[in-house]
Structure formats: C-alpha cells, structure tokens
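Visitor: okay, sequence plus prediction incoming.
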Amino acid sequence: MKKLLRFLWRVITFPFVLAFNILAFPFRFIRRAYEFLNRDLDEDRSLMDTFANIATDEQVRASIWDHIEALRMHLLRMVIALAVGVGLSLYFTIPLMEYLAAPVGGLQNLQAIEVTEEFGVFMRVALTSGIAITLPYLAFELWLFAAPGLRPRERKMGLAGIPLATVLFLSGMAFTFYYLIPAALPFLGNFTSISQFWTAREYFKFITGLMLWIGLFFEFPLVIYVLTSIGFVKPHILLQQWRLAVVIIAVIAAAVTPTVDAVTMGLVMLPLTLLYFISIGLSYVAYAGRRRREAEAAEETEAV
C-alpha cells in the first residue's frame, strides 16, 4: 500500500517537479559555471613534474588515462557537432559554391572530368562551411578539456578567447578570399599563353585549402598571448628567434600552398610574417601583465 501511495504521489507531483527543474535550470547552470570558473586547482603540480612521475607514480598514470578518456569523449562530441554543421551547410552549399567561383566567372567556367568530381567538390565546400559554422563549439570543447588543469584566471581568459578565436578564423578566411585569391589567380592564369580550363576539383581544393590554413594561422597571435599569460612563452625569445621563425614560415607556406610558384608562396608568407610580429607585440603585453600580477601577489604574501 505504501508503494502504491508513493507511486501515486510521484505521478501527481511530477508536472510540478518538472516545471520547477525547468525554471531552476538556468540558475543552477550559472551557479555551476561560476563555481567551475573560480575553482582552484587541486594540485599545483607543473607539467614537467607530471611527465617526470608517469613512470614511477601509479596515481599519475591512472590520471593520464582518465584524461585520455575525457579527450576521447570531447573529440566524439566535436565530430558529432561537425557532422551537424556539415548537414546544415548542405542547404546552402550550391549558392556558396557560386559565390566562391565568382573570381573565375562562376561555376559554368569550371569543368568536371571525373564522374564523382561534382559530388566531391560539393562535400569539400560543405565541410569547409561546416567547420566555420561549428568553430565556436569546437573551440569550447577544447577549452572544456583543458579547463580543469587551468587556474581560475586562465579559465576565464580561455573562455573569453573563444569568440575572438572565431572572429580571427573567419577574418583569415575572408582575407584569403578577398586578398590572396584575387592577387594569385590573375598571375597563375596569365603566366603563359596556354588556355586555361580549370577543373572544379583543383579550383575548390586551391580555394578551400588556402582559406582553412590561413584561417588557422590567424589564430597564432591569440595562441601566443594565452601561452605568454600562463608562462609557457616569453616575448624576448620570440624576438630573438625571428629569423628562424621566418624560415619556418617559408616552409609552412610552401607546404600549404597548392602551387609551386613563388608568387603565391610569397602572398602566403607576407601575412604570416606580419602575424608573427603582431604576436610578439601581444606577447610583450601579456608578459607585462603577468609580471604585474606576480609582483602584486608577492606584495600580498609579504603583507601577510
């Protein structure tokens, strides 16, 4: 009888409990997010100490496997989100292809020489669009994986950097389409008197490849700022190694440039080099802020 009454009570109160949980969800979410962002680290162990103790500390090894399992779940959610983004992109992929083909006069000026080429190009453009759409969530998942190992201020900086990372990535894609492509195509198409009959696969591979890579490279200043803020990078080292950085940039430009001509490679190197020196300036700003916080912390410690 008691079980029956308990069951009836749950049935009667279920709508009220459900309504209460729905109304309370935003407040609970805000409270948990606040606690998560301001929670201190359980251990103040450096990264080098963690790797040094992997071979000797059973607890450290178990913790590493827990992190790998957590990373697997984050990657799975990222793949699902990317699949959803690509699915949404399918509805406007054709107009997007028309827009991207504007520098060559439209899709009618491209040709397909393989049976599956049109479908492959369609999916390539949809994938590129899906990455751009889901980038904020992808960055959030990466932040969510790294956040437990960060201090409260570093967590907040990382979370605030997600919108900026999205803006930088989209800016890099726009910079590629509106600056690099119009500068590279006339040179490549008029280098000799050979008639140009570009295939859709090669054209969109050239366009989307450059847009994705340059978009990622535009994240470099933000990455350097964050790494400097948490103490992994120092600005004077970046400044001292600028010659080596230019050589590395040249190698990267040669690797990501679909063509072998020096003009396209130079057009890619120029913004990357500028981004590197911008990163040095931001690194100095972050380093000055870090030194100021350390001095304030030392003064508070001495006062206590």
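Guide: All right, it came through fine.
Visitor: okay, CA-based contacts and neighbour counts for the rest of this
Guide: Fine.
Visitor: G130 and L82 touch, don't they?
Guide: Yes. G130 is within contact range of L82, at 6.2 Å (criterion: C-alpha atoms under 8 Å).
Visitor: and F140, how many neighbours?
Guide: 20 (other C-alpha atoms under 10 Å).
Visitor: check contacts around it.
Guide: Shown in contact with F140 (C-alpha atoms under 8 Å, 6 or more residues apart in numbering): L159, I162.
Visitor: okay, helices next: where are they in the protein?
Guide: Along the chain, counting by DSSP state H, helices occupy 2-38, 47-52, 58-89, 93-100, 117-146, 152-175, 181-189, 200-217, 220-229, 235-240, 242-256, 262-303.
Visitor: what's the weakest-modelled helix or strand in this structure?
Guide: helix 47-52 (a mean of 48; mean pLDDT, DSSP states H and E).
Visitor: please name whichever of the helices of the chain is nearest to G106.
Guide: Closest approach to G106 among those (C-alpha to C-alpha): helix 93-100, 5.8 Å.
Visitor: list the buried ones in stretch 100-112?
Guide: L100, A101, V104, L110, Q111 (16 or more other C-alpha atoms under 10 Å).
Visitor: of all those residues, which comes closest to G120?
Guide: For the buried residues of stretch 100-112, with G120 as the reference and C-alpha to C-alpha as the criterion, the closest is Q111, at 13.1 Å.
Visitor: not counting its neighbours along the chain, what's nearest that closest one?
Guide: Distances taken as C-alpha to C-alpha, 6 or more residues apart in numbering put T199 closest to Q111, at 4.7 Å, once the chain neighbours are dropped.
Visitor: ok, the one you found - how many residues close by?
Guide: Using other C-alpha under 10 Å: T199 sits among 17 other residues.
Visitor: give me the pLDDT for it.
Guide: We have a pLDDT of 86 for T199.
Visitor: cool, and G215?
Guide: For G215, the model assigns a pLDDT of 89.
Visitor: that one and G85, how far apart?
Guide: With the distance defined as C-alpha to C-alpha, to the nearest Å, G215 ends up 18 Å from G85.
Visitor: okay, those two: which has more neighbours?
Guide: In this view G215 and G85 are compared by other C-alpha under 10 Å, and G215 has more residues nearby, 24 against 21.
Visitor: surely the more buried one meets A165?
Guide: No. With contact defined as C-alpha under 8 Å, G215 does not count as touching A165 (9.7 Å).
Visitor: OK, contacts around the spatially closest residue to G85 that is not a sequence neighbour?
Guide: Nearest non-adjacent residue to G85, counting by C-alpha to C-alpha, 6+ apart: G130, 4.4 Å away. By C-alpha under 8 Å, 6+ apart, the contact set of G130 is L82, A83, V84, G85, V86, G87, L88, S89.
Visitor: count the neighbours of the third one for me.
Guide: The local packing count at V84 equals 14, with neighbours defined by other C-alpha under 10 Å.
Visitor: related to what we said a few turns ago, the helices of the chain: lowest mean pLDDT?
Guide: Across the helices of the chain, helix 47-52 gives the lowest mean pLDDT, at a mean of 48.
Visitor: distance check, the most centrally placed residue in the chain against Q240.
Guide: The centre of the chain sits closest to A139, judged by C-alpha atoms, centre = their mean, with a distance of 5.0 Å. Per C-alpha to C-alpha, A139 is found 31 Å from Q240.
Visitor: next: A255.
Guide: Distance of A255 to Q240, computed by C-alpha to C-alpha: 25 Å.
Visitor: returning to what we had before: got the contacts of G130 as CSV, with distance to R151 columns?
Guide: Output for the contacts of G130, formatted as CSV (distance: C-alpha to C-alpha, whole Å):
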residue, distance to R151
L82, 29
A83, 32
V84, 32
G85, 32
V86, 35
G87, 37
L88, 36
S89, 37
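Visitor: make a ChimeraX selection of the buried ones in those residues.
Guide: Entered in ChimeraX, the line below selects the buried ones among these, by 16+ other C-alpha under 10 Å:
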select :82,83,85,86,89
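Visitor: closest one of the contacts of G130 to S283?
Guide: If you rank the contacts of G130 by distance to S283 using C-alpha to C-alpha, L82 comes first, at 31.8 Å.
Visitor: check whether the closest one really touches I131, as I assumed.
Guide: Yes. Using C-alpha under 8 Å, L82 is in contact with I131, at 6.5 Å.
Visitor: list the buried residues for stretch 266-282?
Guide: In stretch 266-282, counting by 16+ other C-alpha under 10 Å, buried: 267-269, 271-273, 275-277, 279-282.
Visitor: just these now: which is nearest G161?
Guide: Set against G161, the nearest of the buried residues of stretch 266-282 by C-alpha to C-alpha is L282 (13.8 Å).
Visitor: quick one: contacts for the nearest residue to the closest one once chain neighbours are set aside?
Guide: Counting by C-alpha to C-alpha, 6+ apart, L282 lies nearest to Y225, which is 5.7 Å off, once chain neighbours are set aside. By C-alpha under 8 Å, 6+ apart, the residues touching Y225 are S279, L282, S283, A286.
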